[in-house]
Structures are given as structure tokens and as C-alpha cells.
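Colleague: Fold the following and give me the result.
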Amino acid sequence: MFHIGKPLLHTAILCACLIDFAHAQSDDANSLQRYTEQGQKALASGRYEEAERVFEKIRELEPGMAEVHANLGAIYFQERKFDKAIPALRQAIKLNPHLVKSVTLLAISLSELGRYSEALPGLEKGFRGSSDSEVKRMCGLQLERAYTGMQRHNKAMEVAIELNRLYPEDPEVLYHTGRLFGNFAFLTMQTLAQVAPGSVWRHQAAAEAFESQGSYDLAVREYGTVLELGPGRPGIHFRLGRTLLKRSQQAHTTEDTNEAAKEFERELELDPTNANAAYELADMHRDAGEFEEARQLFEQALKYYPDFEDAHLGLAAAFIAQQRMQDALPHLKKAIALNADNEVSWYRLSQAQMALGNTAEQQKAFAEFQRLRTQKSSQQEAARELFSRSEVTKQKLDSTVPQ
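Modeller: As a prediction, this is how the structure comes out:
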């Protein structure tokens with residue numbers, strides 16, 4: 001179930017109702033004035049139960065005043081008593097159709113109770129038409145919820161994309177967007193399995209899912225089935241090679257590593273433009289000390305993917321190993337231009353500058369490396385590993401780097 005965090009009442013909504021009500025009071029109605037002041041003080045200090053009791057008394061005295069019902073509905077809303085908020089807000093709107101913010105609260109209350117078809121018009125109006133950022137945000141999140149509850153997943157995704165554009169750093173928006181897209185992906189793959197269980201696409205989807213879960217044996221089997229169904233299918237030898245490589249790292253065996261290299265070679269025979277396959281094979285040659293072979297393959301990867309950060313770093317590492325520091329420099333600078341927060345780039349740049357005798361540049365690069373290394377926490381690293389799925393083996397610091 002799509003769940004929104006506790007919907008707190010926006011100050012602008014609450015104050016508008018109170019101001020309208022205060023203006024509507026008769027100077028001669030002392031008891032109403034007293035209750036009004038008492039209710040406002042209770043609301044201002046967050047004593048909602050007291051405010052509820054006071055405004056219920058006011059409703060008994062002035063049942064025909066829209067603002068009374070609007071304020072009471074807002075209080076019920078704040079207390080999450082949505083079943084009581086709905087009739088109060090409906091009555092307020094009936095008495096005064098121009099209470100726009102009561103319309104918004106009514107729509108959100110209906111959505112909270114799962115009455116999505118009733119909520120939809122008010123939520124859409126609040127999300128598309130409101131100039132109040134917080135109202136727009138609340139309506140947008142509830143609109144995602146309503147569309148999801150009504151199985152209108154495409155519409156929910158449209159809202160999610162717009163919310164992400166409007167609130168790019170809002171954690172609740174980001175959470176629900178991620179969850180929504182994950183759910184949509186699951187439903188899509190479920191439909192694929194139902195409509196085409198024996199298709200190459202279904203087996204490829206299963207293979208990628210198993211790979212992402214770390215179930216490498218099952219992933220290898222599914223990728224093998226894909227290749228049986230479509231021997232010349234581009235990208236599959238690369239994915240199989242990546243899976244074998246990860247399985248070899250998990251089991252600490254060389255057999256899968258050798259098989260992975262063969263798969264990368266097969267991929268390049270089918271598709272020489274596959275920069276990822278060229279990169280993986282190049283990095284394996286570099287690890288084996290075969291720097292010239294590594295250089296050629298890194299350059300092949302960069303020929304088809306000029307902004308490949310890790311390929312620039314790998315090529316620079318191969319040049320450094322060959323004592324070709326001047327050749328390494330432009331690739332290190334390009335990697336930094338692509339991503340200035342990668343500590344590996346700065347460390348290798350400091351190595352190259354030191355070998356070239358550029359003391360000032362070496363110190364500057366090493367200082368930036370140390371800053372980035374200090375800045376990184378184990379929690380940040382764990383989160384990065386958890387939420388990122390790298391398509392290639394990332395460049396890492398050498399074991400000789402000082403801690």
C-alpha cells in the first residue's frame with residue numbers, strides 16, 4: 001500500500017479559515033467571541049483536542065456559518081480524524097463553495113481513507129492549480145497514492161516525475177518516486193512473464209534480476225538460455241561475463257575469471273563498439289601486468305564512449321605503469337572534469353605529477369585526495385553500494401595507498 005507520511009496541516013490553510021471566521025463574528029455575540037479567542041489560542045499552541053471541543057460548541061451556536069465547519073474540519077484533519085473531517089469540510093463547501101483550501105483538505109481526507117475516485121478531482125486541482133508550494137506537494141503525493149490505488153500506474157508515474165522536478169531534494173518525494181518506479185518495474189516484469197513466459201525477453205529479465213540480487217548461478221543459467229534462443233544477441237556475452245566476474249570475486253576462483261574474459265572477447269567479436277566489454281577486458285589485462293594490451297582496449301572503449309570516466313582512469317593507470325606520465329595527464333584531467341569527487345583520480349594525478357617533478361601540482365592533487373578520503377564515511381560508502389548498480393568494474397585505489 002502506498003503510504004504518505006502524517007499530513008500536517010499547512011499554516012496558510014488553517015489561518016485563512018480562522019481569519020474568515022473572526023471577521024464573521026458579531027461584536028455583540030460575547031459568548032462566540034470568547035469561544036473564538038479560546039479556540040484560536042488552543043490552535044496556536046497545538047492543543048487540538050481543546051480546539052476541537054471549543055469549535056464543536058461554536059458549531060452548535062452558529063451551524064450556518066461556513067467558516068465554523070471549515071475550521072472544525074481542519075482540526076479533525078490535523079488530528080487524522082478523517083472520517084469526521086469529511087462531513088465538516090463538505091458542509092463548509094456547501095455553505096461557501098469559494099473555500100478553496102477546504103476543498104483541498106477534503107480531497108486529501110478522502111484519499112487518506114482510500115476513497116480515491118472521490119478524492120481525484122480535488123487532488124488534481126490542488127496539484128495542477130495551486131500556487132502554494134506546500135499545498136501542491138501534499139496534493140501531488142496524495143495524487144500518486146490515488147492513481148496507484150486505482151491501478152492507473154502511468155498517471156502515477158507522470159505525477160512522480162513532476163514532483164521530482166518541483167522538489168528535487170525532498171526526501172519524502174524521492175522515497176515515494178523510487179518506490180513507485182520500483183513497483184511499476186515489478187508489475188511490468190510480472191506481465192512479461194505472463195504474456196511471454198518462454199521469450200528471450202523474459203529470460204533476459206530474469207537473468208538481470210538474479211544478477212542484481214547476487215544469485216549468480218541462476219543468472220548464468222538464464223543468460224545461457226538467452227544465448228541459446230538468440231546466439232547473436234548484443235550485450236548478452238558482456239552481461240554473462242560480468243556475472244562470471246562477480247561470481248569469481250565472490251568465490252575467489254580463477255576459473256570464472258578466465259571464462260569472463262572469453263565472454264568479453266566474444267562480445268567484442270559481435271560488437272566492437274561495446275565500450276563496457278572493451279573496458280572490462282582492458283582492466284583484466286592491466287591487473288595481469290599486460291599494459292600494452294590494456295592500453296589498446298582502453299583506447300577502444302574511449303573511441304566509442306569518449307566520456308567514460310573509468311576508462312580514462314584505467315588508461316592513465318596503464319600509462320603510469322609504463323612510465324608515460326605525460327600521456328597519462330590528459331586522461332586524469334578528463335576524469336576529474338567528468339567527476340571531481342572521485343578520490344582515485346586525484347591520487348593517480350598526484351602520482352603522475354610527482355614523477356614529472358611538478359611538486360606544487362602534486363601537493364595540490366594529494367591534498368584534494370586526502371580531503372575527499374576524509375570526507376567519505378563508511379555509511380556513505382555502504383549507501384552507495386546499496387543503491388547503485390555499477391555496469392562496470394569501478395577503478396579503485398592501489399593497496400599501497402597510505403591510509
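Colleague: Distance-wise, check the nearest residue to Asn274 once chain neighbours are set aside relative to Tyr347.
Modeller: Nearest in space to Asn274, with sequence neighbours left out and distances taken as C-beta to C-beta, 6 or more residues apart in numbering, is Glu267 at 5.3 Å. Just so you know, the C-beta spots here come from the backbone N, C-alpha and C atoms, and that holds for glycine as well. Applying C-beta to C-beta, to the nearest Å, the value for Glu267 to Tyr347 is 31 Å.
Colleague: More neighbours: which of these two?
Modeller: Set Glu267 next to Tyr347 and count neighbours by other C-beta atoms under 10 Å: Glu267 wins out with 24 against 21.
Colleague: That one and Gly235 touch, don't they?
Modeller: Yes. Counting by C-beta atoms under 8 Å, Glu267 touches Gly235, with 7.4 Å between them.
Colleague: which residues sit in contact with Gln363?
Modeller: Ser350 (C-beta atoms under 8 Å, 6 or more residues apart in numbering).
Colleague: With the one 10 residues further on instead?
Modeller: When the contact criterion is C-beta under 8 Å, 6+ apart, the partners of Arg373 are Glu343.
Colleague: where does this protein dip in pLDDT?
Modeller: Applying pLDDT under 70 to the chain flags residues 1-29, 377-390, 399-403.
Colleague: which helix of it spans the most residues?
Modeller: If you go by DSSP state H, the chain has its longest helix at helix 171-195.
Colleague: Please parse the chain into its domains.
Modeller: Domains of the chain are assigned by automatic domain parsing as 1-113, 116-192, 307-385+394-403.
Colleague: Let me have the ones you listed in TSV, extended by distance to Ala261.
Modeller: Shown next, in TSV, are those (distance: least, C-beta to C-beta, whole Å):
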stretch	distance to Ala261
domain 1-113	45
domain 116-192	31
domain 307-385+394-403	15
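Colleague: Figure out which of these is closest to Val220.
Modeller: domain 116-192 (19.4 Å; C-beta to C-beta).
Colleague: What sits closest to Ala193 if chain neighbours are left out?
Modeller: Closest residue to Ala193 apart from its sequence neighbours, by C-beta to C-beta, 6+ apart: Arg202 at 5.6 Å.
Colleague: Neighbours of that neighbour, how many?
Modeller: Applying other C-beta under 10 Å, we find 20 residues neighbouring Arg202.
Colleague: what residues does the helix or strand encompassing it touch?
Modeller: For Arg202, the host element (DSSP states H and E) is helix 200-213. Contact with helix 200-213 is made by 189, 192-193, 196, 216, 218-219, 222-223, 225-226, 229-230, 233, 236, 239, 242-243, 246, 389, as judged by C-beta under 8 Å, 6+ apart.
Colleague: Can you list which of these are found in helices?
Modeller: Cross-referencing these against helices under DSSP H gives 189, 192-193, 216, 218-219, 222-223, 225-226, 229, 236, 239, 242-243, 246.
Colleague: what about the closest residue to Ala355 other than its chain neighbours, neighbour count?
Modeller: Excluding the flanking residues, the one nearest Ala355 by C-beta to C-beta, 6+ apart is Met325, at 4.8 Å. Other residues lying near Met325 total 19 when counted by other C-beta under 10 Å.
Colleague: give the contact list for Met325.
Modeller: Met325 sits next to Phe319, Ala352, Ala355, Leu356 when contact means C-beta under 8 Å, 6+ apart.
Colleague: Okay, it and Gln362: tell me how far apart.
Modeller: Met325 sits 11 Å away from Gln362, taking C-beta to C-beta as the criterion.
Colleague: Put together a markdown table for the contacts of Met325, with secondary structure, distance to His98 and neighbour count on each row.
Modeller: A markdown table is the format used below for these (DSSP: H, G, I helix; E, B strand; the rest coil; distance: C-beta to C-beta, whole Å; neighbours: other C-beta atoms under 10 Å):
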| residue | secondary structure | distance to His98 | neighbour count |
| --- | --- | --- | --- |
| Phe319 | helix | 72 | 24 |
| Ala352 | helix | 70 | 25 |
| Ala355 | helix | 75 | 15 |
| Leu356 | coil | 74 | 14 |
